[in-house]
Structures are given as structure tokens and as C-alpha cells.
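**Student:** take a look and give me a structure for this.
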Amino acid sequence: QVQLVESGGGLVQAGGSLRLSCVASGDTVSTKPMGWFRQEPRKEREFVAAISRGGTTSYYADFVRGRFTISRDIAKNNIYLQMNSLEPEDTAVYYCAVSGQGPSSWYRDYEYWGQGTQVTVSS
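**Tutor:** Numbers count the residues shown, from 1 in each chain. Below is the predicted model:
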């Protein structure tokens, strides 16, 4: 059984920073790619970033534009999303997930999901 718990969301002013954390439990998590997605009300879940199982390769959505960094601590089964230069358009619930495929940008490739953490960016 895999469980994912996100934390680190909150309210921040435009231009500010947040660091999201995701603690993963389960025997196979450390061997799989993981990712971050986000979702606004009444919109589809949107890819943000993904990282390879070894943590050496990362992928980002175009809108990130160098503002976010995904990382992972394999020993702790954690992944992180450092978000800088936040914009009001970044307001959403952010989810971490474990991929059953590669470090994909397609949400259907992900097998396990956390409950999400709310990020709100004020203008």
C-alpha cells in the first residue's frame, strides 16, 4: 500500500516562495518516478514537474519557466517542489503522485496520489 502526504502549502504574496513536501510510504516508491500536478476548481489536473526514480532527471511544464525545482530524497522517500516567483495564476491544489510508467506529464500514468495541499498566491 502506498500513501502520499503533501505539506507546505499556504497563502503567499505574488513574488514569494513556498516549498512543498511529499512524504511517501510503501516498499516500491523509491524505485518509481514521481511528479507534481495541480488543479484549480472546475479545471483538469495539470502537470507541473516530474522526476526520475534516481532523482537525476527532471521535467517541467512550460509555464514553470525556471521558477520551480523538483527534487527527491530517496533515502527518506520524499519529494519536494521549491516554488519561487509565485504568481496569482499558480493558485491551485498541488498533488504529488507516483508514476506507474516513466516520469510522465500525463496524469493517467500515475498510480497513486496524495490528498493535495492548497497554494494561494495573492496579487
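**Student:** contact partners for the residue nearest the centre of the chain?
**Tutor:** Compute the mean C-alpha point of the chain, and by CA atoms, centre = their mean the closest residue is Trp36, 2.2 Å away. Residues near Trp36 by CB atoms under 8 Å, 6 or more residues apart in numbering: 20, 22, 48-50, 70, 79, 81, 94-97. Yep, even glycine has a C-beta here, placed from its N, CA and C like the rest.
**Student:** and if you look at Tyr107?
**Tutor:** Tyr107 makes contact with 37, 45, 47, 97, according to CB under 8 Å, 6+ apart.
**Student:** how about Val121?
**Tutor:** By CB under 8 Å, 6+ apart, the contact list for Val121 reads 11-14, 16, 86-91.
**Student:** can you put those residues in JSON lines and add neighbour count and pLDDT?
**Tutor:** Formatted as JSON lines, the contacts of Val121 follow (neighbours: other CB atoms under 10 Å; pLDDT from 0 to 100):
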{"residue": "Leu11", "neighbour count": "12", "pLDDT": "98"}
{"residue": "Val12", "neighbour count": "17", "pLDDT": "98"}
{"residue": "Gln13", "neighbour count": "10", "pLDDT": "98"}
{"residue": "Ala14", "neighbour count": "13", "pLDDT": "98"}
{"residue": "Gly16", "neighbour count": "14", "pLDDT": "98"}
{"residue": "Leu86", "neighbour count": "21", "pLDDT": "98"}
{"residue": "Glu87", "neighbour count": "14", "pLDDT": "97"}
{"residue": "Pro88", "neighbour count": "11", "pLDDT": "97"}
{"residue": "Glu89", "neighbour count": "11", "pLDDT": "96"}
{"residue": "Asp90", "neighbour count": "22", "pLDDT": "97"}
{"residue": "Thr91", "neighbour count": "17", "pLDDT": "97"}
